[in-house]
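Novice: Only the shape, not the letters, is given here:
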């Protein structure tokens, strides 16, 4: 399981000057605040903010954002107060944590597309600092990755719909395409498992042919570019089952 040392290692790979002591302090405070709390998976609750922070390291986020991820559920779910967070980490981080707490209190589920758009605008308006929204998207991504541990079928469906209608479009607007794609696919897996399985099965059957075709096309493009003295790198992105559907 991910721990604070592995998290700090991930951060120092892109930010050697990271404040290890401050991040470790945030971890300790979050761990104490969430003590005796468990995720539905049975894991200690602290595993969730750690995983959220780890997702953010993939986007090379700054120390304040990582610390916010570690603390993001403390005000809403523990006895830790915003005043205490402000005293330990200053106004910047306290403001980020407060923004996440306010978004967490919103009831976002809706069946109306227009209302979903209004909720997206509301979240954007509430996020005075874009880092609030970035942490929230990472939070939702980890919750979707662990959705199967929720036993209530209706609740799982509600969360998947909310993710598809609210959070995936927000990730798209933020240009966070990898998070958008995974949120959409995880929601699709819950909302229409039969269609997704059919697509995945067909993709598996054609995987070898697609790989060969991509190599051949890439070779031809590279040849043409080289002949015209154009330096370029050709990459491909496989469409997700949801985007195919």
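Specialist: It's in. Here the structure is a predicted model, which means the values were calculated and not measured.
Novice: Can you list the low-confidence ranges for this protein?
Specialist: Counting by pLDDT under 70, the chain has low-confidence residues at 1, 107-115, 117-118, 125-126, 236.
Novice: in it, which residue is closest to the centre?
Specialist: residue 138 (2.4 Å; Cα atoms, centre = their mean).
Novice: correct me, but that one touches residue 49?
Specialist: No: judged on Cβ atoms under 8 Å, residue 138 makes no contact with residue 49 at a distance of 10.0 Å. C-beta here means a position set from N, CA and C on the backbone, and glycine is covered the same way.
Novice: Which parts of the protein are helices?
Specialist: Here the chain has its helices, by DSSP state H, at 4-14, 20-33, 47-57, 63-71, 74-77, 82-89, 91-104, 113-126, 130-145, 153-162, 168-173, 177-191, 193-227, 241-244.
Novice: how far off helix 82-89 does the fourth one point, in degrees?
Specialist: Between the direction of helix 63-71 and that of helix 82-89, the angle (axes from the mean of the first three to the mean of the last three Cα atoms, to 10 degrees) works out to 140 degrees.
Novice: Taking helix 20-33 as reference, get the angle to helix 63-71.
Specialist: Compare the direction of helix 63-71 with that of helix 20-33 by the same axes, to 10 degrees and you get 20 degrees.
Novice: In TSV, list the helices of the chain along with distance to residue 41.
Specialist: Below are those laid out as TSV (distance: least, Cβ to Cβ, whole Å):
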stretch	distance to residue 41
helix 4-14	18
helix 20-33	17
helix 47-57	8
helix 63-71	19
helix 74-77	16
helix 82-89	26
helix 91-104	20
helix 113-126	27
helix 130-145	10
helix 153-162	14
helix 168-173	23
helix 177-191	16
helix 193-227	20
helix 241-244	24
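Novice: which one of those helices has the most crowded surroundings?
Specialist: Of all the helices of the chain, helix 63-71 carries the top mean neighbour count, a mean of 26, counting by mean count of other Cβ atoms under 10 Å.
Novice: Which elements pack onto that one?
Specialist: helix 4-14, helix 20-33, helix 47-57, helix 82-89, helix 91-104, helix 130-145 (3 or more Cβ pairs under 8 Å, 6 or more residues apart in numbering; DSSP states H and E).
Novice: Could you export those as CSV, including distance to residue 210?
Specialist: Shown next, in CSV, are these (distance: least, Cβ to Cβ, whole Å):
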stretch, distance to residue 210
helix 4-14, 32
helix 20-33, 42
helix 47-57, 28
helix 82-89, 48
helix 91-104, 39
helix 130-145, 26
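Novice: contacting residues for the residue nearest to residue 81 when sequence neighbours are not counted?
Specialist: Excluding its sequence neighbours, the residue lying closest to residue 81 (Cβ to Cβ, 6 or more residues apart in numbering) is residue 75, at 7.0 Å. When contacts are counted by Cβ atoms under 8 Å, 6 or more residues apart in numbering, residue 75 touches 81, 82, 85, 97, 98, 101.
Novice: re the thing from before, any common contacting residues for residue 138 and residue 49?
Specialist: Listed contacts common to residue 138 and residue 49 are residue 69; contacts here mean Cβ under 8 Å, 6+ apart.
Novice: shouldn't residue 11 be in contact with residue 17?
Specialist: No: Residue 11 lies out of contact with residue 17 (Cβ under 8 Å); the separation is 10.1 Å.
Novice: just to revisit the earlier point, now do the contacts for the residue nearest to the centre of the chain.
Specialist: Contacts of residue 138 by Cβ under 8 Å, 6+ apart are 52, 53, 55, 56, 69, 179.
Novice: got a list of what the fifth one touches?
Specialist: If you count contacts by Cβ under 8 Å, 6+ apart, residue 69 has them with 49, 52, 53, 56, 135, 138, 139.
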